[in-house]
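**Q** Next one to model:
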Amino acid sequence: MKPTEKLHAAGQSLWLDNITRDLLTSGILERYIADLSVTGLTSNPTIFDKAIESTSAYDAAIRASGKEGEKLFFELAIDDLRQAANLFRPIWERTKGTDGWVSLEVSPLLAYNADSTIEEAARLHADGDRPNLFIKIPGTPEGLGAIEEAVLAGVPVNVTLLFSREQYLAAADAYIKGIERRVEAGLDPAVGSVASVFVSRWDVAVQGQPDELHNRLGIAIAKRTYRAYRELLDSPRWQRLANEGARAQRLLWASTGTKDPDASDVLYVRALAAPFTVNTMPENTLLAFGDHGEVTEFLPADGGNAEETIAGFAEAGVDVDALALRLQKEGAESFDESWNQLLRCIAEKSEALATAH
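**A** Residues are numbered from 1 along each chain as shown. You can find the predicted model right below:
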C-alpha cells in the first residue's frame, strides 16, 4: 500500500493545492485521484497567475471571452473548477459531502467589506453551479461576519488565513453561529466547511532559533489547534447541532510544503497525520510523500507536547500571540498582492493575444 493510501485509510483526506488547465486536460488529476488517493483540491490567485502566465492553455478562452479583469479571471477559474468538481463529485456523493471538494477564493480586495464579500460568495457559488464547490473567505476579524452570513445563506465555506488556535476557534464560532441560525429558521443544517490553518509560515518567521526548536513551532501550533478542534467536536454545543443533522467543519492543514531546503520534504505531512482532518499539499509535496513518505504516528487528541514546545519558544523571546496576528496580517497583504499580480498578468496576456491577431 502506498504511503498516500495508508494516510487516506487512516482517515485523513489528501487534497492537492494546485490547479491548471493542463492538469485537467492531460489526465494527471485523474491519475492522482486513482493512484495517490487525492480526494479534493484547493486553489488561490498565485496558482492561477502562474498557470495563465507560463502556459498557452488559457489563450483560446481569453481570446473568445470578451471579458477583462476580475470577470475574465472568474470565468476562467470557474471553468477549471467545474471540471475538477466533476472529477471529485463521486467522492463527494459517496462520503455524503464530507470529502470531494474544490475551492475558489473571493476577491481579497473585499476583505474589509463584509457585505460585498457575502454577496460575491453567494454569486460565485451560484455561478460555479457545483454542490462540491467551497468559497474561500479569510478568517480575519473582518471576515468572521461574512463567514456566518455565507453559511446562513447555505454557501459552503473554506475559511482561510488561520494561523492559531484562537483564530481557528473564532472561525469555528462563526461557522457554528451560521448553522445555529439555519436550525432556528428550519433550514437544512448540512452546510460544508473547512477551517484552513497555515503551518510552515510559522517556521519561516522564526528562523535562527536554537537547533532544538528548529522547524518545530508550526507543528506545535497545529497540535495545539488540533486539541481545540477535538474538544469542540466533543462539546455539547456542537453535538446538539450534529443531532440536527449538521456537518462538522473539518480542520485543514494548509501551507504544508517544506520551506527549509535542509529539512525533510514531507516534514509537515508526516507530522500532521490525523483522522478527520485534511492536508492540502503542493504537487511536489504530494509526489514526494507518495514516493517515500511514511505514516508512523498520529496527532494525539490532547495536543501532545505542543504546550511544552511553545513554552520553549516563549523562553527564547517569541511572542506567539503577537506573531499569529502578524502572520495573518501579512497573509492578507500577500493575498492582495497576489490578486493584483494576477489581474496584471491577465491584462498583459489579453493585450498580447489581441496584438498577435
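**Q** rest of the way, CA atoms for contacts and neighbours
**A** OK.
**Q** Span of stretch 204-211 from start to end?
**A** 14 Å (CA to CA, to the nearest Å).
**Q** buried ones in stretch 224-232?
**A** 224-230, 232 (16 or more other CA atoms under 10 Å).
**Q** okay, and for the chain, where does confidence drop off?
**A** 357 (pLDDT under 70).
**Q** For the top helix by length along it, name the packing helices and strands.
**A** Longest helix of the chain, by residue count under DSSP state H: helix 320-356. On a contact count with 3 or more CA pairs under 8 Å, 6 or more residues apart in numbering; DSSP states H and E, helix 320-356 meets helix 45-54, helix 59-65, helix 69-94, strand 157-162, helix 306-315.
**Q** okay, these in CSV with distance to residue 248 and mean neighbour count next?
**A** Listed next are the helices and strands packed on helix 320-356 as CSV, based on distance: least, CA to CA, whole Å; neighbours: other CA atoms under 10 Å:
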stretch, distance to residue 248, mean neighbour count
helix 45-54, 27, 18
helix 59-65, 38, 14
helix 69-94, 15, 19
strand 157-162, 12, 28
helix 306-315, 24, 16
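**Q** Any idea which of these gets closest to residue 347?
**A** helix 69-94 (6.7 Å; CA to CA).
**Q** what angle sits between the closest one and helix 320-356?
**A** 120 degrees (axes from the mean of the first three to the mean of the last three CA atoms, to 10 degrees).
**Q** Relative to residue 60, how far out is the residue nearest the centre of the chain?
**A** The centroid of the chain falls nearest to residue 196 when counting by CA atoms, centre = their mean (4.8 Å). To residue 60, residue 196 is 34 Å away according to CA to CA.
**Q** circling back to that earlier point, bridging residues for the residue nearest to the centre of the chain?
**A** residue 252 (DSSP bridges).
**Q** I'd guessed it sits against residue 165; true?
**A** No: using CA atoms under 8 Å, residue 196 is not in contact with residue 165, being 11.3 Å away.
**Q** what's residue 13 sitting at in phi/psi?
**A** phi -90, psi 130 (degrees, to the nearest 10).
**Q** Touching, it and residue 277? I think so.
**A** Yes: if you go by CA under 8 Å, residue 13 and residue 277 touch, sitting 6.4 Å apart.
**Q** out of these two, which sits in the busier spot?
**A** residue 13 (26 against 21; other CA atoms under 10 Å).
**Q** How about the more buried one, nearest residue that isn't a chain neighbour?
**A** residue 278 (4.6 Å; CA to CA, 6 or more residues apart in numbering).
**Q** list the helices and strands the helix or strand hosting that neighbour packs on?
**A** Using DSSP states H and E, residue 278 sits in strand 277-281. Helices and strands touching strand 277-281, by 3+ CA pairs under 8 Å, 6+ apart, are strand 12-17, strand 250-254.
**Q** Can I get those in a markdown table including distance to residue 295?
**A** Converted to a markdown table, the helices and strands packed on strand 277-281 look like this (distance: least, CA to CA, whole Å):
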| stretch | distance to residue 295 |
| --- | --- |
| strand 12-17 | 11 |
| strand 250-254 | 16 |
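**Q** Residue 212: neighbouring residues, count only.
**A** Residues near residue 212, counting by other CA under 10 Å: 9.
**Q** ok, now how distant is it from residue 313?
**A** 10 Å.
**Q** Same check on residue 48?
**A** 36 Å.
**Q** now residue 57
**A** 46 Å.
**Q** can you check residue 354 too?
**A** Separation of residue 354 from residue 313 (CA to CA): 55 Å.
**Q** sorry, back to before: after the strand holding residue 278, which helix or strand is next?
**A** Strand 277-281 is succeeded, C-terminally, by helix 283-292 (DSSP H and E).
**Q** Pull the residues that contact that following helix.
**A** Applying CA atoms under 8 Å, 6 or more residues apart in numbering, the external contacts of helix 283-292 come out as 2-4, 16-18, 36, 257-258, 265-266, 269.
**Q** what do you get for stretch 39-59?
**A** 13-22, 33, 76-77, 84, 88, 91, 99-105, 280, 335, 338-339, 341-342, 345-346, 349, 353.
**Q** now do the same end-to-end measure for that stretch.
**A** Where stretch 39-59 begins and where it ends lie 29 Å apart, using CA to CA.
**Q** In this structure residue 274 contacts residue 296, no?
**A** No: using CA under 8 Å, residue 274 makes no contact with residue 296, being 11.2 Å away.
**Q** Looking at the two, which one has more neighbours?
**A** residue 274 (24 against 9).
**Q** quick one: that one from residue 230, how far?
**A** For residue 274, the distance to residue 230 - CA to CA - is 11 Å.
**Q** So which bits of stretch 137-152 are buried?
**A** 137-140, 143-152.
**Q** So which of those belong to helices?
**A** 144-152.
**Q** for these, which one is nearest residue 317?
**A** residue 144 (30.4 Å).
**Q** Give the full set of residues in contact with the closest one.
**A** With CA under 8 Å, 6+ apart, residue 144 has these contacts: 138, 170-171, 174.
**Q** one more time with 6 Å, if that's ok
**A** residue 174 (CA atoms under 6 Å, 6 or more residues apart in numbering).
**Q** Quick check: it vs residue 196, distance?
**A** From residue 144 to residue 196 the distance is 14 Å (CA to CA).
**Q** cool, and residue 235?
**A** With CA to CA as the criterion, residue 235 and residue 196 are 21 Å apart.
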